[in-house]
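K.L.:
Return atomic coordinates for the entry below.
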Amino acid sequence: MRFIVLLLITLPGLFVFINASDAQAVNLEYRVGRQDSCALKITILFDGDASGNILIHLPDDYSGQHHLYSAFSQFQPLTDHTTVEKTANPDTYRISYTPRTKVAFCYILSQGWQGPLKYPNFYRPVIKKDWFYFEGYAGLAYPDLASPSHISCKLLYEGFAAGDFLGNSLFADKNSWEGTISLDELMNSIFCGGNFRHKTISLGRQKLTVAVCGQFTFSDETFYAAVEKIVMGERQFWNDAGPPYYFTLLMPTGDQESYGGTAYTNSFSIFQSPDVKLTGGTLQTISHEYFHSWLGRGLKMPAPQESYKWLSEGFTDYYSMKILFNAGIISKADYEKQLNLKLRGYYLSAKFNSGSGDVVGKYWESDDWRLLSYGRGLAIALMLDVKIMERKAGSLDDLMRTLYQESKPRLTFSMDRFDSLIAQAGGKEALLAMDKANAGNNDLLTGELLKNRIFPMAMKTVTNSYDMGFDILQSKKNRKITGLMAGSSAAMAGIKENMKFLSFRYQSGRTEPATVVVMDDAGVKRDISYMPLPTGSNSIPQILIMQ
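P.N.:
I've put the predicted structure just below:
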């Protein structure tokens with residue numbers, strides 16, 4: 001399974017760093033240390049107000065995960081005349097203390113799940129014997145602060161071995177950081193430590209730290225160089241030098257042939273199975289995640305954000321490939337092939353005729369809803385880009401940079417201003433095609449794509465459904481091959497009814513075969529590959545690639 005889970009980064013340079021000489025009093029402090037080989041001890045200190053009591057919030061739902069508070073335990077007060085009590089809500093505690101005093105308490109953070117690291121478990125705390133990783137949204141409790149937008153905060157790692165790497169979204173390779181930050185930025189940060197290899201790269205006056213855990217098919221230096229090239233390419237695109245510090249993290253997963261990433265405050269994480277090469281898919285994920293620095297948490301979407309995922313995710317997906325092409329990392333032919341695959345995925349989507357507003361409340365329910373947003377936004381971005389270039393009004397690049405600059409200082413996306421810029425640069429036809437597509441009617445979008453002269457296109461007949469030869473859903477549920485059809489490609493390849501089912505890999509519409517991992521009668525693990533039989537077709541727009 002290939003997954004792309006794309007949450008978002010904050011605006012570069014948003015932090016206000018303070019020197020020790022002029023530092024204000026810290027009113028929120030986190031100390032992270034080891035409890036044992038499978039748990040962390042996190043201590044929180046804060047300034048108590050005159051009320052003498054305050055609520056402490058734990059994470060609950062995040063990125064499709066539920067009951068994240070179950071990883072928290074053993075809450076203990078550390079200051080005199082302080083008590084910690086549960087409330088009726090499992091994600092909320094109440095602390096009582098002497099008014100207007102410094103208050104301290106601690107809790108134990110555990111992994112809470114078993115087995116290898118796989119999607120979506122990395123949205124929960126990952127705590128191994130020799131390394132750990134968690135997101136603020138999944139691992140940090142926090143008091144109900146009066147001013148969450150402007151917190152004087154200190155972060156401290158304590159008790160780790162001298163050779164351990166310690167890093168997070170705010171600093172790396174040292175024990176502590178102190179500065180002013182919002183609660184949202186703090187929760188949207190990543191934290192890690194332990195057996196990570198790392199390199200700090202100077203990009204002018206800015207620093208880029210890249211950390212790697214585990215072994216891959218490529219060298220650490222190859223990964224460092226790829227991240228540096230992509231980061232530099234996107235900063236040049238936006239004419240932005242970036243924040244003083246930026247952090248990137250690569251970790252191995254137990255999934256086969258998978259890669260994915262998530263972006264955070266001045267950082268992003270990449271998760272990849274060790275068998276995947278550092279090629280187009282992973283590089284595009286890196287490019288995608290970093291682009292969110294300017295589109296997503298940089299230029300923020302209004303509520304409900306799911307209805308704008310076609311823009312924040314789809315446009316980002318388009319530019320993740322365009323940046324790679326412009327930087328010379330992929331060829332024009334590879335760029336066009338990737339665009340065709342994305343268009344294919346969109347036009348064959350099960351939600352193709354759904355409106356973008358229909359995604360609200362459903363975005364994390366299934367891949368169909370998420371991929372609808374990605375594919376629709378990419379198709380719209382491609383249409384707008386070529387339309388603007390044909391009108392000799394620059395390109396979509398110029399429009400995005402203008403929108404970003406005009407949205408300062410709040411950097412909140414305005415649909416009215418976006419529409420105005422599109423009508424001016426791309427014309428009313430482009431604006432209408434975009435609006436109709438977002439309402440679920442793709443006819444005008446298809447027409448505009450087909451008549452463009454920069455990426456000549458034609459309608460092509462492609463397969464839109466396949467017979468896998470057995471019941472995939474029931475086989476996963478039963479953990480054994482179920483519903484095998486006699487004479488199917490799966491049966492002819494050697495798959496048998498009731499074989500122990502381990503995993504299944506296939507991307508619809510691709511020329512690569514499906515692969516089923518099973519355990520045969522002798523107890524031997526086998527990877528069986530075969531081509532599923534096509535059962536239906538559809539006509540979709542595709543770029544005519546010149547070889």
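K.L.:
Quick check: bridge partners of Ala458?
P.N.:
Gln542 (DSSP bridges).
K.L.:
Could I get the contacting residues of it?
P.N.:
Leu450, Pro541, Gln542, Leu544 (Cβ atoms under 8 Å, 6 or more residues apart in numbering). The C-beta positions use only the backbone N, C-alpha and C, and glycine is treated the same way.
K.L.:
What is the neighbour count of Leu372?
P.N.:
29 (other Cβ atoms under 10 Å).
K.L.:
Isn't it up against Phe352?
P.N.:
Yes - using Cβ atoms under 8 Å, Leu372 is in contact with Phe352, at 7.4 Å.
K.L.:
anything in contact with each of those two?
P.N.:
Tyr346.
K.L.:
on that earlier part again, just the buried ones from the contacts of Ala458?
P.N.:
Buried by 16 or more other Cβ atoms under 10 Å: Pro541, Gln542, out of the contacts of Ala458.
K.L.:
Reformat the contacts of Ala458 as a markdown table; add pLDDT and distance to Leu45.
P.N.:
As requested, those are exported to a markdown table (pLDDT from 0 to 100; distance: Cβ to Cβ, whole Å):
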| residue | pLDDT | distance to Leu45 |
| --- | --- | --- |
| Leu450 | 97 | 62 |
| Pro541 | 96 | 59 |
| Gln542 | 96 | 59 |
| Leu544 | 95 | 63 |
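K.L.:
Going by length in residues, pull out the top helix of this structure.
P.N.:
helix 367-390 (DSSP state H).
K.L.:
Only the buried residues of it, if you could.
P.N.:
Neighbour-count burial for helix 367-390 [16+ other Cβ under 10 Å]: 369-389.
K.L.:
now swap in stretch 166-180 and tell me
P.N.:
Leu166, Gly167, Asn168, Ser169, Leu170, Phe171, Ala172, Trp177, Glu178, Gly179.
K.L.:
and the end-to-end length of that stretch?
P.N.:
20 Å (Cα to Cα, to the nearest Å).
K.L.:
and it, average pLDDT?
P.N.:
The pLDDT scores in stretch 166-180 average 94.
K.L.:
Helix 367-390 and the helix or strand following the longest helix of the chain, what's the angle between them?
P.N.:
Where DSSP states H and E defines the elements, the next helix or strand beyond helix 367-390 is helix 396-406. Computed with axes from the mean of the first three to the mean of the last three Cα atoms, to 10 degrees, the direction of helix 396-406 lies at 100 degrees from that of helix 367-390.
K.L.:
what are the C-alpha coordinates of helix 396-406, in CSV please?
P.N.:
The C-alpha trace of helix 396-406 is given here as CSV (Å, rounded to 0.1, in the frame of the first residue of the first chain):
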residue,chain,number,x,y,z
LEU,A,396,0.2,29.7,-11.9
ASP,A,397,3.5,30.1,-10.1
ASP,A,398,3.2,33.9,-10.3
LEU,A,399,-0.4,33.7,-9.1
MET,A,400,0.5,31.6,-6.1
ARG,A,401,3.3,33.9,-5.1
THR,A,402,1.1,36.9,-5.5
LEU,A,403,-1.7,35.3,-3.4
TYR,A,404,0.8,34.4,-0.7
GLN,A,405,2.3,37.9,-0.5
GLU,A,406,-1.1,39.6,-0.5
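K.L.:
tell me what it is packed against?
P.N.:
Judged by 3 or more Cβ pairs under 8 Å, 6 or more residues apart in numbering; DSSP states H and E, the packing partners of helix 396-406 are helix 220-238, helix 367-390, helix 415-425.
K.L.:
Which residue comes closest to the residue at the greatest distance from the centre of the chain once chain neighbours are left out?
P.N.:
For the chain, the C-alpha farthest from the mean C-alpha position belongs to His81; by Cα atoms, centre = their mean, that distance is 42.7 Å. Excluding the flanking residues, the one nearest His81 by Cβ to Cβ, 6 or more residues apart in numbering is Thr98, at 4.8 Å.
K.L.:
Can you give me every residue that contacts the one you found?
P.N.:
By Cβ under 8 Å, 6+ apart, Thr98 lies in contact with Gly48, Gly52, Asp80, His81, Thr82.
K.L.:
buried set for stretch 234-249?
P.N.:
Buried residues in stretch 234-249, counted by 16+ other Cβ under 10 Å: Glu234, Arg235, Phe237, Trp238, Asp240, Gly242, Pro243, Tyr245, Tyr246, Phe247, Thr248, Leu249.
K.L.:
quick check, nearest of those to Thr43?
P.N.:
Phe247 (22.8 Å; Cβ to Cβ).
K.L.:
Regarding Ser320, which helix or strand does it belong to?
P.N.:
Per DSSP H and E: helix 316-326 holds Ser320.
K.L.:
Pull the residues that contact that helix.
P.N.:
4, 6, 230, 233-234, 237, 280, 283-285, 287-288, 291-292, 295-296, 330-332, 334-335, 338-339, 342, 374, 377-378, 381-382, 385, 400.
K.L.:
got a list of contacts for stretch 416-435?
P.N.:
380, 383-384, 387-388, 391, 393-394, 398-399, 402-403, 406-407, 444-445, 447-448.
K.L.:
Ok, stretch 80-88 next?
P.N.:
55-56, 75-77, 93-98, 103-105.
K.L.:
Check the separation of the first and last residues in it.
P.N.:
Terminal-residue distance, stretch 80-88 (Cα to Cα): 25 Å.
K.L.:
and it, what's its mean pLDDT?
P.N.:
96.
K.L.:
Tell me the buried residues in that stretch?
P.N.:
Buried residues in stretch 80-88 (16+ other Cβ under 10 Å): Thr82, Val84.
K.L.:
swap in stretch 393-402?
P.N.:
Ser395, Leu396, Asp397, Leu399, Met400, Arg401.
K.L.:
How about stretch 307-316?
P.N.:
Ser307, Tyr308, Lys309, Trp310, Leu311, Ser312, Glu313, Gly314, Phe315, Thr316.
K.L.:
and what of stretch 398-417?
P.N.:
Buried, per 16+ other Cβ under 10 Å, within stretch 398-417: Leu399, Met400, Arg401, Leu403, Tyr404, Ser407, Leu411, Phe413.
K.L.:
Could you do stretch 188-200 as well?
P.N.:
Neighbour-count burial for stretch 188-200 flags Asn188, Ser189, Ile190, Phe191, Cys192, Gly193, Gly194, Phe196, His198, Lys199 (criterion: 16+ other Cβ under 10 Å).
K.L.:
Take those and write them to JSON lines, including secondary structure, distance to Asp527 and pLDDT.
P.N.:
JSON lines is the format used below for those (DSSP: H, G, I helix; E, B strand; the rest coil; distance: Cβ to Cβ, whole Å; pLDDT from 0 to 100):
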{"residue": "Asn188", "secondary structure": "coil", "distance to Asp527": "39", "pLDDT": "94"}
{"residue": "Ser189", "secondary structure": "coil", "distance to Asp527": "39", "pLDDT": "96"}
{"residue": "Ile190", "secondary structure": "strand", "distance to Asp527": "33", "pLDDT": "96"}
{"residue": "Phe191", "secondary structure": "strand", "distance to Asp527": "36", "pLDDT": "97"}
{"residue": "Cys192", "secondary structure": "strand", "distance to Asp527": "32", "pLDDT": "97"}
{"residue": "Gly193", "secondary structure": "strand", "distance to Asp527": "36", "pLDDT": "96"}
{"residue": "Gly194", "secondary structure": "strand", "distance to Asp527": "32", "pLDDT": "95"}
{"residue": "Phe196", "secondary structure": "coil", "distance to Asp527": "31", "pLDDT": "96"}
{"residue": "His198", "secondary structure": "strand", "distance to Asp527": "34", "pLDDT": "97"}
{"residue": "Lys199", "secondary structure": "strand", "distance to Asp527": "35", "pLDDT": "97"}
